[in-house]
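# What follows is a predicted structure for the sequence shown.
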There are 2 protein chains.
Amino acid sequence: VDIVELGTPLIFRRGLSIVDEIRGLYPKLIILADLKIIDAGEHEACIAYQAGVDIVTALGVAPDETLLGVLQAAEKFQRQVMVDLMQVQDPLARSRWLYQQGCDYICVHLAHDLQKQASSPLSTLQFLREMLPQARFAVAGGIQPGTIELLAPLEPAIVIVGKAITGALHPGEVARKIKEKMAS
Amino acid sequence: VDIVELGTPLIFRRGLSIVDEIRGLYPKLIILADLKIIDAGEHEACIAYQAGVDIVTALGVAPDETLLGVLQAAEKFQRQVMVDLMQVQDPLARSRWLYQQGCDYICVHLAHDLQKQASSPLSTLQFLREMLPQARFAVAGGIQPGTIELLAPLEPAIVIVGKAITGALHPGEVARKIKEKMAS
């Protein structure tokens, strides 16, 4: 893997002091903190960047001011921002605005709690990719090795895989399989 | 004060292990953790309740499934839930649904990053209070001692005060003043 994600539950449990520990274990990996910022954008992003985080997440449903604050913090620290489209009513309008503001990654995310109902974030990614060919997308939510063939043509910059790796009997093998499929 | 709020930035910094420390310092206070849950509702709320939190916050913009998960966790642990209406498009419809689901507190919250533009969360609280006279509301966002006279007739169950206390030269005095005004 290229990026290690500090998930929201882990951050709630341990706080961002865990960044140093992870950096020590995996000095070459990019560290993403899934903070899902919705308010006090600049302040909260600065806390994460100061703690050593490379990519901070914020919510697309946040006020514009909050997201602009997160982007300002990222510029100050020369780090990156991923905005999660979870629960955004008009993903295209929000993505267009985010792209114009210089957001590094726009994440098409099927919420964990909705994965029983909906099948995959694929159709939304397909639509946004067509409308905004220049933007860099991430994709998350129930992704498995078998999903990669369908995702690869849509050229996501980042594919976020959770349970399919962390819940596997042999996590390393699954991760390698996914990387191979992405490269081919 | 009756409740001590562990703010989102503090939780990001230190994690919920701080709950024990705060409980040791203020054994009689209710502890609220401003997690702003938007996904994995039951899982994330359980982490907080297990850590000893009394009231967990979730976002009104979260999927119904997420909020129902948070409420389930609260029932299991016999604790409480506050749902924050921040960025909710239709506060009345969401509040009515939350009230029907047994949500303990509905928080009318003027986001920190919007406090330069809007004046106060007062008019929204007034409207919701009229429409849902039985619901218990919390109110947050730029509240100062001078705001209390206007808020008191709307009978909020909880008034959340941040900077006006934490940024004061004499925080204790400001807190006492606010409590007096609420009682009178």
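Yep, it's here.

# Going by C-alpha atoms from here, please, whenever you check contacts or count neighbours.
Fine.

# just checking, what packs against the longest strand along chain A?
Criterion DSSP state E: the longest strand present in chain A is strand A:30-37. In this structure, strand A:30-37 makes packing contacts with strand A:3-6, helix A:8-14, helix A:41-50, strand A:55-59, judged by 3 or more Cα pairs under 8 Å, 6 or more residues apart in numbering or on different chains; DSSP states H and E.

# cutoff 6 Å now
Under the contact criterion of 3 or more Cα pairs under 6 Å, 6 or more residues apart in numbering or on different chains; DSSP states H and E, strand A:30-37 touches strand A:3-6, strand A:55-59.

# Now do the buried residues in the first one.
Within strand A:3-6, the residues that count as buried by 16 or more other Cα atoms under 10 Å in any protein chain shown are A:Ile3, A:Glu5, A:Leu6.

# can you tell me if it touches chain B.
No - in this structure, strand A:3-6 remains apart from chain B according to Cα under 6 Å from any Cα of the partner chain; the gap is never smaller than 11.4 Å.

# What separation do you get for the closest residue in space to A:Gln115 that isn't next to it in sequence and B:Gln80?
Nearest non-adjacent residue to A:Gln115, counting by Cα to Cα, 6 or more residues apart in numbering or on different chains: A:Gly142, 6.9 Å away. Applying Cα to Cα, to the nearest Å, one obtains 30 Å for the distance of A:Gly142 from B:Gln80.

# cool, and A:Ile148?
When distances are taken as Cα to Cα, A:Ile148 and B:Gln80 turn out to be 41 Å apart.

# Run through the bridge partners of A:Ile55.
Here A:Ile55 sits in beta bridges with A:Leu32, A:Gln80, going by DSSP bridges.

# can you count the residues close to it?
Around A:Ile55 sit 23 other residues, with neighbours defined as other Cα atoms under 10 Å in any protein chain shown.

# and it, what does it touch?
For A:Ile55, the contacting residues are A:Leu32, A:Gln80, A:Val81, by Cα atoms under 6 Å, 6 or more residues apart in numbering or on different chains.

# for these, which one is nearest chain B?
Looking at the contacts of A:Ile55 and their distance to chain B, the nearest is A:Leu32, at 13.5 Å (Cα to the nearest Cα).

# I'd assumed A:Glu5 was in contact with the closest one.
Yes - when contacts are counted by Cα atoms under 6 Å, A:Leu32 is listed as touching A:Glu5 (4.7 Å).

# Distance of the residue nearest to A:Ala168 when sequence neighbours are not counted relative to chain B?
The shortest distance from A:Ala168 to any non-neighbouring residue, by Cα to Cα, 6+ apart, is to A:Val174 (7.3 Å). The spacing between A:Val174 and chain B, counted by Cα to the nearest Cα, to the nearest Å, is 23 Å.

# Let's see the pLDDT reported for the residue of chain A found nearest chain B.
Nearest to chain B in chain A, going by Cα to the nearest Cα, is A:Gly15, at a distance of 3.7 Å. As summarised for this prediction, A:Gly15 has a pLDDT of 98.

# and if you look at A:Ser119?
Reading off the per-residue confidence, A:Ser119 sits at a pLDDT of 64.

# cool, and the one 4 residues further on?
On the pLDDT scale, A:Ser123 is placed at 90.

# still on that earlier bit, would you indicate which residues of the longest strand of chain A are buried?
Within strand A:30-37, the residues scored as buried using 16+ other Cα under 10 Å are A:Ile31, A:Leu32, A:Ala33, A:Asp34, A:Leu35, A:Lys36, A:Ile37.

# Extract the CA atoms of it and return them as PDB.
Written as PDB, here are the backbone C-alpha positions of strand A:30-37 (Å, rounded to 0.1, in the frame of the first residue of the first chain):
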ATOM      1  CA  ILE A  30       1.800   8.600   3.300                       C
ATOM      2  CA  ILE A  31      -0.400   9.200   6.400                       C
ATOM      3  CA  LEU A  32      -4.100  10.100   5.900                       C
ATOM      4  CA  ALA A  33      -6.200  11.100   8.900                       C
ATOM      5  CA  ASP A  34      -9.900  10.600   8.400                       C
ATOM      6  CA  LEU A  35     -11.000  13.500  10.600                       C
ATOM      7  CA  LYS A  36     -14.100  14.300   8.500                       C
ATOM      8  CA  ILE A  37     -13.900  18.000   9.500                       C
END
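
# the inter-axis angle of that strand versus strand A:55-59?
Angular relation of strand A:30-37 and strand A:55-59 on a 0 to 180 degree scale: 20 degrees, by axes from the mean of the first three to the mean of the last three Cα atoms, to 10 degrees.
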